[in-house]
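Visitor: Give me the fold of what follows.
(chains A, B, C and D)
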There are 2 protein chains.
Amino acid sequence: MDGKKEVTIYDIAEKLDLSPATVSRGLKDHPAIRKETRKRIKDTAQLMGYQNNLFASNLRSKKTNTIGIIIPRINSYFMSTVISGIEHVVNAQGYSLIISQSQETFEKEIKNVTTMYNSRVDGLLVSLSYTTENIQHFEALLRKKIPVIFFDRVFDDPTCTNVVIDNTKAGYDATLHLLEQGRRRIVHLCGHLNRNTYADRLKGYRMALQEKGIAYDETLVIVNPLNEQGGIEAAQRILQLDPHPDGIFAANDSSAVACMQELKAAGIRIPEDIAVVGFNNDPIARVIEPNLTTIHYPGYEMGQIAATTLINTIHNSRTSPINTLVLKHELLVRESSRIK
Amino acid sequence: MDGKKEVTIYDIAEKLDLSPATVSRGLKDHPAIRKETRKRIKDTAQLMGYQNNLFASNLRSKKTNTIGIIIPRINSYFMSTVISGIEHVVNAQGYSLIISQSQETFEKEIKNVTTMYNSRVDGLLVSLSYTTENIQHFEALLRKKIPVIFFDRVFDDPTCTNVVIDNTKAGYDATLHLLEQGRRRIVHLCGHLNRNTYADRLKGYRMALQEKGIAYDETLVIVNPLNEQGGIEAAQRILQLDPHPDGIFAANDSSAVACMQELKAAGIRIPEDIAVVGFNNDPIARVIEPNLTTIHYPGYEMGQIAATTLINTIHNSRTSPINTLVLKHELLVRESSRIK
DNA sequence: GTAATTTTTGCAACCGATTGCAATATCATA
DNA sequence: TATGATATTGCAATCGGTTGCAAAAATTAC
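Guide: Predicted structure coming up:
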């Protein structure tokens, strides 16, 4: 019997002999409505099984209580952890979360932004794809003062808010660690240099080398997709380098691990022949033997912070004074790089 | 100058000296509108920067083009893979995806369902939490004929559509494999027995034992949260079992791997002393040494299929004739259980 | 008891697209 | 040229809340 028709504020109004306006206000605790009336309204609403129609509200109030997120792909340990952190904050604050993947392509990212724009998200969290060249596709949003916050893979632009770690410093730390272990010929597995994450890690790598007076050798930098296949191919190239390198700093753990497996299969001893440092502190880092030294950075917290900052921005002036928010990272030294 | 006001179909109508109704139809290629007019409308819309207002559409048409998904947690390899598959299908079909996590608790799951209901999702994809006792919280949706599809962790109910694998068979396959390797005293690491996934795997385990004439020994079944900690604690219990078991069938890979690491640290040889089989084909299965034998099942495809089925259901009668959709699984034999 | 305030509530115009039905324009046919 | 058939387009109601402003009711002041 109640399976068909929706209960509206009009129904409640009629039942209580009030106006829809009063009901509307009563439901949201408007102070102009007498306390007692408010209670009557809410009780009746409950009783009748009233359900707020978000579309009617949104249409009128122009707020959607929805936050969008665009990331390269969901299914990596790091990203799913970040999302988990975001979801936590966002849901607790009464927002919904719409997710889409750019699949690492600029085109899909542009489409996703349009979809988010059409969905009238109140704010957007973005980690850029490998191939994103610029951030013009966000302009429509920015023009309408819809806050956009980039995290991890960001774009260097003074008008945006970015949540990141100090990738340069992290790259420096990783490389310096290898150098301090006595390594001199260090390969760097890095990702697409379009992205700050990888460009900065490379920069840190170079800084550490320079500081120790070691010449930068371009042939030791292997740009690759940073997946399993990339790690394997990198290993094959490393095996052919002459003289053999004695260290590897990989920009993520999955490529580092794949690379290690391939090297081990070829009889290379780790860390004795080649010491390895990864990035991300993925669970596999503690499974591979020897355990992988890596840079840990807090994905869950990054998600929480990005989301919190976004929501604050939405609630306030809708334009954040923060330009960059840098989180801490940490070098976790494990057996893959520890020379006894 | 165009930063303030939204362009509506009324603006387009006025500009072209048409009625809003015609514009509305023209924009969606309604056949009653002359082709030429349609083109004029679309061009003008484009030119003026028109943007469909989803809330107005939804309010009127009562369709949201949104699909909800509720899962225990996003950040596991398997789940993020499933979501990736879902996102792929859903986005290609012009739907948005709203995600929320139940964090493995019944209470949060109920809340999430309410949120989804209020968001007026057109359909819902669900994988149940550990502690979910029943599916009454979905009744409001079902009463309104909003399709709900369960995947992986489902509830045995004839009115629902479920996308699963044959967990009983998979458990049987895994256990039989160990038995065929000559193992007789096999521990089973299993999850919360509320959930079909774990209850069925246990059932398969028992079936295989029975078939080989081996008595079921309750002390060999260790119920645990199936995470790293669970695996470690299981290992400690296993080490105290007397006589020592000679096989382990774990209901997921992360617990299997953690358990293996702990056992190895205690000097147990794998597979010689204890052979191990996991479940999920997580990337860590190919990193741990020896590589972990496991049951592979297609998460990405499961997501795609669940999403496709859901969308078809939405488009058609809004009630699917399918009760259960069973996907293939596969035992991948690796070194952790291969006796030379 | 009446005027001046302060509380509460209602009126009615939105928000922007959708859609059944009616009206008009166009074309073919007699 | 009249007439019926068909192709196009418009009218106006509708979806369900929201909100500025006015009106009514309750309270206080004189």
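
Visitor: drop to CA atoms for contacts and neighbour counts, all remaining ones
Guide: Will do.

Visitor: doesn't residue B:120 make contact with residue A:51?
Guide: No: taking Cα atoms under 8 Å as the definition, residue A:51 is not a contact partner of residue B:120, at 10.1 Å.

Visitor: ok, those two, which is more surrounded?
Guide: The residue with more neighbours, out of residue A:51 and residue B:120, is residue B:120; 22 against 15, by other Cα atoms under 10 Å in any protein chain shown.

Visitor: which residues does the residue nearest to that one when sequence neighbours are not counted contact?
Guide: Once flanking residues are discounted, residue B:120 sits nearest to residue B:64: 6.6 Å by Cα to Cα, 6 or more residues apart in numbering or on different chains. The neighbourhood of residue B:64, defined by Cα atoms under 8 Å, 6 or more residues apart in numbering or on different chains, consists of B:54, B:58, B:120-122.

Visitor: What distance do you get for the closest residue to DNA strand C within the stretch 101-250 of chain A to residue A:53?
Guide: The stretch 101-250 of chain A approaches DNA strand C most closely through residue A:118 (10.3 Å), counting by Cα to the nearest atom of the strand. Distance of residue A:118 to residue A:53, given as Cα to Cα, to the nearest Å: 19 Å.

Visitor: do the same with residue A:148
Guide: For residue A:148, the distance to residue A:53 - Cα to Cα - is 27 Å.

Visitor: Comparing the two, which shows the higher neighbour count?
Guide: Just comparing residue A:148 and residue A:53: by other Cα under 10 Å the higher neighbour count belongs to residue A:148, 28 against 16.

Visitor: Is the closest residue to that one other than its chain neighbours within a helix or a strand, and which one?
Guide: Closest residue to residue A:148 apart from its sequence neighbours, by Cα to Cα, 6+ apart: residue A:124 at 4.7 Å. Per DSSP states H and E, residue A:124 falls inside strand A:123-126.

Visitor: would you put the C-alpha positions of the following helix or strand past that strand in CSV?
Guide: Using DSSP H and E, the next helix or strand after strand A:123-126 towards the C-terminus is helix A:139-143. What follows is helix A:139-143, C-alpha atoms only, in CSV (Å, rounded to 0.1, in the frame of the first residue of the first chain):
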residue,chain,number,x,y,z
GLU,A,139,38.9,25.6,-15.8
ALA,A,140,35.1,25.4,-16.1
LEU,A,141,35.1,24.2,-12.5
LEU,A,142,37.5,26.8,-11.2
ARG,A,143,35.6,29.5,-12.9
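
Visitor: Each with direction, which strands does the next helix-or-strand element following helix A:139-143 pair with?
Guide: Once the chain leaves helix A:139-143, the next helix or strand it forms, by DSSP H and E, is strand A:148-151. Sheet pairing of strand A:148-151 (DSSP bridges) gives strand A:123-126 (parallel), strand A:161-165 (parallel).

Visitor: List the contacts of strand A:148-151.
Guide: A:123-128, A:138, A:141-142, A:160-164, A:302, A:306, A:310.

Visitor: Assess the claim that the residue of the stretch 101-250 of chain A closest to DNA strand C and residue B:49 are in contact.
Guide: No: here residue A:118 does not reach residue B:49: they are 11.8 Å apart, not a contact under Cα under 8 Å.

Visitor: and residue A:81, that one's in a helix?
Guide: Yes: counting by DSSP: H, G, I helix; E, B strand; the rest coil, residue A:81 is located in a helix.

Visitor: Could you report the neighbour count for it?
Guide: 24.

Visitor: can you pull the contacts of it?
Guide: Residues near residue A:81 by Cα under 8 Å, 6+ apart: A:299-300, A:303, B:74-75.

Visitor: let's go with 10 Å and repeat that
Guide: A:74-75, A:87, A:298-303, B:73-76, B:80 (Cα atoms under 10 Å, 6 or more residues apart in numbering or on different chains).

Visitor: and the gap between it and residue A:59?
Guide: Distance, residue A:81 to residue A:59, using Cα to Cα: 34 Å.

Visitor: try residue A:24
Guide: Applying Cα to Cα to residue A:24 and residue A:59 gives a distance of 15 Å.

Visitor: Identify the bridge partners of residue A:189.
Guide: Under the criterion used (DSSP bridges), residue A:189 bridges to residue A:222, residue A:250.

Visitor: thought it was touching residue A:223?
Guide: Yes: if you go by Cα atoms under 10 Å, residue A:189 and residue A:223 touch, sitting 6.0 Å apart.

Visitor: is the residue nearest to residue A:148 in a bridge, and if so with what?
Guide: Beta-bridge partners, per DSSP bridges, of residue A:124: residue A:68, residue A:148.

Visitor: That one reaches residue A:69, doesn't it?
Guide: Yes: the criterion here is Cα under 10 Å, and residue A:124 meets it with residue A:69 at 5.7 Å.

Visitor: pLDDT on whichever strand or helix holds residue A:97, on average?
Guide: Applying DSSP H and E as the criterion places residue A:97 in strand A:96-101. The average pLDDT within strand A:96-101 is 90.

Visitor: What count of nearby residues applies to residue A:335?
Guide: 18.

Visitor: Can you tell me how far it is from residue A:292?
Guide: From residue A:335 to residue A:292 the distance is 6 Å (Cα to Cα).

Visitor: and for those two, which residues touch both?
Guide: Common neighbours of residue A:335 and residue A:292 (Cα under 10 Å, 6+ apart) are A:270-271, A:275-277, A:286.

Visitor: Nearest to chain B among the residues you listed?
Guide: Closest to chain B out of the shared contacts of residue A:335 and residue A:292 is residue A:286 (9.3 Å), distances taken as Cα to the nearest Cα.

Visitor: which residues touch the closest one?
Guide: Contacts of residue A:286 (Cα under 10 Å, 6+ apart): A:292-294, A:334-335, B:258, B:261, B:284, B:287-288.

Visitor: Of those residues - the most surrounded one?
Guide: Highest neighbour count within the contacts of residue A:286, by other Cα under 10 Å: residue A:292, with 32 neighbours.

Visitor: For it, give me its contacts.
Guide: A:253, A:256-257, A:260, A:270-271, A:275-279, A:281-286, A:332-338.

Visitor: Residue A:219 too?
Guide: Applying Cα under 10 Å, 6+ apart, the residues near residue A:219 are A:187-188, A:238, A:241.

Visitor: Can you flag the buried ones in the residues you listed?
Guide: Buried positions within the contacts of residue A:219, assessed by neighbour count (16 or more other Cα atoms under 10 Å in any protein chain shown), are A:187-188, A:238.

Visitor: any chance of those residues in CSV, with pLDDT and distance to DNA strand C too?
Guide: Formatted as CSV, the buried ones among the contacts of residue A:219 follow (pLDDT from 0 to 100; distance: Cα to the nearest atom of the strand, whole Å):
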residue, pLDDT, distance to DNA strand C
A:187, 97, 55
A:188, 98, 51
A:238, 96, 58
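
Visitor: who touches the helix or strand hosting residue A:326?
Guide: Residue A:326 belongs to strand A:324-327 when assigned by DSSP H and E. Contacting residues not belonging to strand A:324-327 are listed as A:149-152, A:156-158, A:160-167, A:297-299, A:301-302, A:305-306, A:309 [Cα under 10 Å, 6+ apart].

Visitor: Just after it, pick out the following helix or strand.
Guide: The element immediately downstream of strand A:324-327 (helix or strand, assigned by DSSP H and E) is strand A:330-332.

Visitor: Common neighbours of residue A:124 and residue A:69, please.
Guide: A:97-98, A:113, A:116, A:148-150, A:307.

Visitor: That'll do, ta.
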